[in-house]
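Peer 1: Just a sequence and a predicted model for now, questions to come.
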Amino acid sequence: MADHPLKILMVSAEMVPFAKTGGLADVVGALPKALKEQGHDVRVAMPRYGRVRRDRFGLAEFIPSFSVPLDDRMVDVSILQTSIASHGGDVPVYMVENARYFDREGIYMYEDDADRFILFCRAAIEATRQIGWQPDIIHCHDWQTAIIPNWLKTVYKDDPFFASTASVYTIHNLAYQGVFGNRVLEIAGVDEYGYIAQPALPHLGDAVDFMGRGIYYADIINTVSETYAREILEPEYGEGLDPVLRERSDHLFGVLNGIDTDVNDPQTDTHLAANFSLADQAGKRLCKADIQREARLPENPHTPLVGVISRLSNQKGFDLIDSILEPLLRNHDIQVVVLGTGDQRYHDRLTEFQGRFPQQVKAFLTFNATLTQKIYAGSDMFLMPSRFEPCGLGQMIALRYGAIPIVRSTGGLADTVRDYDASSGDGNGFTFASYDPAALYDAIARAVASYGDRDRWQQLVTRAMASDHSWSASARRYVELYRRALEAQSQG
């Protein structure tokens, strides 16, 4: 009985291909497909935003208007349905529709966000009752859905329909917690159940932290790498929630995200000048020449090309890059291609470096899907010197495309990149521990020196491309957590 297929409701504010602001959407677009391929009945709920056009995504009426409570009134919602394809069959996607709250072009940053996502969560839960489908697991993502574990332990505690439903709560970004005034407890209908007594969190005396409530009430909590799950127990990484995380640490786990290996496949990627594979890597040289041409850099196959695809911010280590880029360019025959947007300061600095070192630096201050894939494929090395990184997908995609990662050992970067040892040949990248410019400079210098030994570098590239970061392994780990959650829920 332990291995029976599970009924899983995935609840998220965003999901590719429908609406995306960050990596959360990629995860929710990929994980359900992997779960479906492993035989589970998985369905996804998200809001139907204005940008999610009915005709474009084939949305069909599914559940006509029904009412759910919001604050002191009942609000009408309806459910539209579409699906995403997987190798195991289609995954149903339920879109919660209410013109007043969701028919907007944006996703977040509205004054009534608390009301919007409380309504969405309530509608998602009640939709399962409307169709008589009792989920074993409700898998919630980030602060927007954190009220659901709270409800399952209070509002729905004695509801026979959800008597055996457990919650799993995934933290993608601890920095965005959904903090609102105490009035939201009335809006959510949980004010009568009292406040969470957290004397260690005095800053929440007059506020409600949705993420904190999700952590407190969920049967199982996870974040998106094992190292980050350990890091957030400490004040340095805990974003003020480390006390409640430590309290629930026996129920806290780390599961690495996977990457979509159908989309990120150098053998079939249509964005590339030439395709290549682990068995036949010849096309990678053509991809390097292609991105050098696009970046208007000298087409020299012997000059190491370092790619950066990132938000331009301190969290992503751009203060370190800014500190070492000039001496790096002066001391090494190296090319650097950056793709991304972010803090204006770094836009200005990269533009300045490009002007002063036109043979070595190109900054594409934008986001562009084709350029993204071309940089992965054409780079010899891929730089991610993050201050913190819950998981990181870039380093995994880079490995698959034979671009050797240079990373700071934090979060998911520490779990996926092993430092190269020239004597043993072990490792798949170059790492540094201390968050300081000298450590970053040394890691890049080691990579450039290793690049000079062509035979060893080729072995390193081959080892990198053989890495398996598909979603199937991550999905199996989530199923383990789902079964743990059911066990925890059954024990009260």
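Peer 2: Received it, and whenever you're ready, just let me know what you need.

Peer 1: SS state for Tyr441?
Peer 2: State at Tyr441, reduced to three classes by DSSP: H, G, I helix; E, B strand; the rest coil: helix.

Peer 1: wait, what's in contact with the closest residue to it other than its chain neighbours?
Peer 2: In this structure, Tyr441 finds its nearest non-sequential neighbour in Ile324, 4.5 Å apart by CB to CB, 6 or more residues apart in numbering. Just so you know, the C-beta spots here come from the backbone N, C-alpha and C atoms, and that holds for glycine as well. Going by CB atoms under 8 Å, 6 or more residues apart in numbering, Ile324 touches Pro437, Leu440, Tyr441, Ile444.

Peer 1: immediately after the helix or strand harbouring Ile324, which helix or strand?
Peer 2: Element membership of Ile324, judged by DSSP states H and E, is helix 318-331. Counting by DSSP H and E, the next helix or strand C-terminal to helix 318-331 is strand 335-339.

Peer 1: Quick check: can you name the pairing partners of that following strand and their directions?
Peer 2: Here strand 335-339 is paired, per DSSP bridges, with strand 305-309 (parallel), strand 361-364 (parallel).

Peer 1: quick one, whatever helix or strand comes next after that strand and helix 318-331 angle?
Peer 2: From strand 335-339 onward toward the C-terminus, using DSSP H and E, the following helix or strand is helix 344-356. Counting by axes from the mean of the first three to the mean of the last three CA atoms, to 10 degrees, helix 344-356 lies at 10 degrees to helix 318-331.

Peer 1: mind listing what's buried in the lowest-mean-pLDDT helix or strand in the chain?
Peer 2: Within the chain, no helix or strand scores below strand 207-209, which has a mean of 85 by mean pLDDT, DSSP states H and E. Going by neighbour count (16 or more other CB atoms under 10 Å), the buried part of strand 207-209 is Val208, Asp209.

Peer 1: Over to stretch 445-459?
Peer 2: Quick answer for stretch 445-459 (16+ other CB under 10 Å): Ala445, Arg446, Ala447, Val448, Ser450, Tyr451, Trp457.

Peer 1: Restricting to C-alpha, output that stretch in PDB.
Peer 2: Below are the C-alpha coordinates for stretch 445-459, written out as PDB (Å, rounded to 0.1, in the frame of the first residue of the first chain):
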ATOM      1  CA  ALA A 445      42.400  32.000 -12.500                       C
ATOM      2  CA  ARG A 446      42.400  28.200 -11.700                       C
ATOM      3  CA  ALA A 447      39.800  27.600 -14.300                       C
ATOM      4  CA  VAL A 448      41.700  29.600 -16.900                       C
ATOM      5  CA  ALA A 449      44.900  27.700 -16.100                       C
ATOM      6  CA  SER A 450      43.200  24.400 -16.400                       C
ATOM      7  CA  TYR A 451      41.700  25.400 -19.700                       C
ATOM      8  CA  GLY A 452      45.300  25.500 -21.000                       C
ATOM      9  CA  ASP A 453      45.600  21.700 -20.700                       C
ATOM     10  CA  ARG A 454      43.300  20.800 -23.600                       C
ATOM     11  CA  ASP A 455      43.200  17.000 -22.900                       C
ATOM     12  CA  ARG A 456      42.300  17.400 -19.200                       C
ATOM     13  CA  TRP A 457      39.800  20.200 -20.100                       C
ATOM     14  CA  GLN A 458      38.100  17.900 -22.600                       C
ATOM     15  CA  GLN A 459      37.800  15.200 -19.900                       C
END
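
Peer 1: what is the rounded mean pLDDT of it?
Peer 2: For stretch 445-459, mean pLDDT is 97.

Peer 1: Quick one: residues in contact with that stretch.
Peer 2: Taking CB under 8 Å, 6+ apart as the rule, stretch 445-459 contacts 304, 328, 332, 334, 380-381, 404, 406, 420, 422, 425, 430, 460.

Peer 1: for the least confident helix or strand of the chain, packing partners?
Peer 2: When contacts are defined as 3 or more CB pairs under 8 Å, 6 or more residues apart in numbering; DSSP states H and E, strand 207-209 packs onto strand 179-181.

Peer 1: Go ahead and confirm Val168 touches Gly214.
Peer 2: No. Between Val168 and Gly214 there is no contact under CB atoms under 8 Å: 10.2 Å.

Peer 1: Between those two, which contacts overlap?
Peer 2: The contact sets of Val168 and Gly214 overlap at Cys140, Ile221 (CB under 8 Å, 6+ apart).

Peer 1: how does this structure divide into domains?
Peer 2: Domain assignment for the chain by automatic domain parsing gives 7-258+472-490, 282-468.

Peer 1: The last one: end-to-end distance?
Peer 2: Between the start and the finish of domain 282-468 there is a gap of 21 Å, counting by CA to CA, to the nearest Å.

Peer 1: Flag the shaky bits of the protein, pLDDT-wise.
Peer 2: By pLDDT under 70, the low-scoring segments of the chain are 1-2, 194-206.

Peer 1: longest single helix anywhere in it?
Peer 2: If you go by DSSP state H, the chain has its longest helix at helix 471-490.

Peer 1: Can you tell me what sits against it?
Peer 2: 2, 6, 8, 30-31, 33-35, 37-38, 40, 136-137, 139, 164-168, 218-220, 222, 251, 253, 255-261.

Peer 1: burial count for Thr21?
Peer 2: Using other CB atoms under 10 Å, Thr21 has 12 other residues around it.

Peer 1: Okay, it and Lys36: tell me how far apart.
Peer 2: From Thr21 across to Lys36, the span is 25 Å (CB to CB, to the nearest Å).

Peer 1: quick one on the thing from earlier: can you lay out the buried residues of stretch 445-459 as JSON lines showing distance to Val184?
Peer 2: Below are those laid out as JSON lines (distance: CB to CB, whole Å):
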{"residue": "Ala445", "distance to Val184": "51"}
{"residue": "Arg446", "distance to Val184": "50"}
{"residue": "Ala447", "distance to Val184": "49"}
{"residue": "Val448", "distance to Val184": "52"}
{"residue": "Ser450", "distance to Val184": "53"}
{"residue": "Tyr451", "distance to Val184": "54"}
{"residue": "Trp457", "distance to Val184": "55"}
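
Peer 1: what comes up buried for the helix or strand harbouring Ala127?
Peer 2: Assigned by DSSP H and E, Ala127 falls within helix 113-130. For helix 113-130, burial by neighbour count (16+ other CB under 10 Å) applies to 113-128.

Peer 1: of those, closest to Gln344?
Peer 2: Of all the buried residues of helix 113-130, Asp113 has the smallest distance to Gln344: 25.9 Å, by CB to CB.

Peer 1: show me the residues around the closest one that make contact.
Peer 2: Gln144, Gly178.

Peer 1: next one: Arg349
Peer 2: Contact partners of Arg349, counting by CB under 8 Å, 6+ apart, are Asp322.

Peer 1: returning to what we had before: please produce TSV containing the domains of the chain, extended by distance to Ala273.
Peer 2: Output for those, formatted as TSV (distance: least, CB to CB, whole Å):
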stretch	distance to Ala273
domain 7-258+472-490	25
domain 282-468	4
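
Peer 1: Compare those domains and give me the one nearest Pro266.
Peer 2: Across the domains of the chain, Pro266 has its closest neighbour in domain 282-468 (5.2 Å, CB to CB).

Peer 1: Run the chain-centre distance for that closest one.
Peer 2: Chain-centre distance of domain 282-468: 20 Å, with CA atoms, centre = their mean, to the nearest Å.

Peer 1: One more: stretch 140-148?
Peer 2: With CA atoms, centre = their mean, you get 15 Å for stretch 140-148.
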